[in-house]
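Q: Here you go, sequence then predicted model.
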Amino acid sequence: MMRYGQFCPIAKAAEIVAERWTPLVVAEMLSGSTHFSDIRRGVPLMSQTLLSKRLKELERVGVVERRGTNPRRPEWHLTQAGRALAPVIQHLGEWGLCYAQDPLQDGDLDVTILTWNIRRRVDPSVFGVRRVTVQFDFTDAPKAKRRWWIVNDRGTVDLCPTDPGFPVDVYITTDIRTMVHVWVGKLALGRAISSERMEVIGPRKLRERLGAWFLYSPINMNGLSNPLLTSPPGNEQERGKLVQKTNASEPRIS
């Protein structure tokens, strides 16, 4: 753990929170992950060895704690000190969304992280009690990671990197960058479709519920909590538009 050699509370906090990967680990735990494997899925580029080291360091300083009776598969939970970081992580993410994300480099566009996060932010109840499978086809992803399936079944959601074998009800075809922009609220879902940057195919009833199903990132341009932050240039018209309502003249929804 790095040391600044100062009594300044900002320096002391940074010694704990500003270590590489630590903010992402804390953010993943704030999203609900408690098992090591789930935390790792949220930070897939972090080695298992380094993640284990970070969790132990955070445990030592009182940010996380181990729970459970199985020593081989403990649960990791944020302590009160860890949960108190929630607004810090939220504001840091909002600042990054407004001032550090444009333009995104190709190397930043990780489809695995994107789909893992989307899976946690959908509402399967909007499709009713029947099983509904949504297939994502990312045109610019490597062949092995091009297609992903999100299976909604009686209130549960599963992300499948391989074909789960169920009939597909809704097909979504787009590129990773467009999906990221929709995910963080920089591009309205309806605008992505009408501009032909995204194509959605499926029964009309399911398509009409897609906007309610897709809940967006918890850090997005439509819900900034910091009043000092504003939309980046060129995005003012997108802010506040979650979904364009379409009726008889639905654009490019086959």
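A: Arrived safely. Since the model is a prediction, treat every value here as computed from it, not as a measurement. Numbering: from 1, shown residues only.
Q: low-confidence ranges in the protein?
A: The chain contains residues with pLDDT under 70 at 230-254.
Q: rerun that using 80 as the cut-off
A: Counting by pLDDT under 80, the ranges of the chain that qualify are 1, 71, 230-254.
Q: so where do the helices sit in it?
A: 9-17, 22-30, 36-42, 48-60, 80-83, 86-99, 111-120, 176-183, 189-194, 204-213 (DSSP state H).
Q: how about the first one: buried residues?
A: In this case it means helix 9-17. 15-17 (16 or more other C-beta atoms under 10 Å). All C-beta spots, glycine's among them, are computed from the backbone N, C-alpha and C.
Q: Pipe these into TSV and attach distance to residue 58 per row.
A: Converted to TSV, those look like this (distance: C-beta to C-beta, whole Å):
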residue	distance to residue 58
15	12
16	8
17	9
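Q: which one of those residues is nearest residue 49?
A: Nearest to residue 49 among those, counting by C-beta to C-beta, is residue 16 at 19.8 Å.
Q: Quick check: that closest one touching residue 60?
A: No - Residue 16 lies out of contact with residue 60 (C-beta atoms under 8 Å); the separation is 9.8 Å.
Q: Any idea which of the helices of the chain gets closest to residue 130?
A: The nearest among those, by C-beta to C-beta, is helix 204-213 at 10.0 Å.
Q: can you tell me how far the residue positioned nearest the centre of the chain sits from residue 16?
A: In the chain, the centroid-proximal residue (C-alpha atoms, centre = their mean) is residue 117; its distance is 3.0 Å. Distance from residue 117 to residue 16, counting by C-beta to C-beta, to the nearest Å: 25 Å.
Q: again with residue 94
A: Applying C-beta to C-beta to residue 94 and residue 16 gives a distance of 21 Å.
Q: For residue 196, grab the count of nearby residues.
A: If you count neighbours by other C-beta atoms under 10 Å, residue 196 ends up with 10.
Q: Report the separation between residue 64 and residue 86.
A: For residue 64, the distance to residue 86 - C-beta to C-beta - is 14 Å.
Q: One more: residue 192?
A: Relative to residue 86, and taking C-beta to C-beta, residue 192 is found at 30 Å.
Q: So if I had to pick from those two, which one is more boxed in?
A: residue 192 (21 against 13).
Q: contacting residues for the more buried one?
A: By C-beta atoms under 8 Å, 6 or more residues apart in numbering, the contact set of residue 192 is 174, 178, 181-182, 198.
Q: which of the residues you listed has the most neighbours?
A: residue 182 leads the contacts of residue 192 on contacts (other C-beta under 10 Å) with 26 neighbours.
Q: and the gap between the residue nearest to the centre of the chain and residue 220?
A: From residue 117 to residue 220 the distance is 11 Å (C-beta to C-beta).
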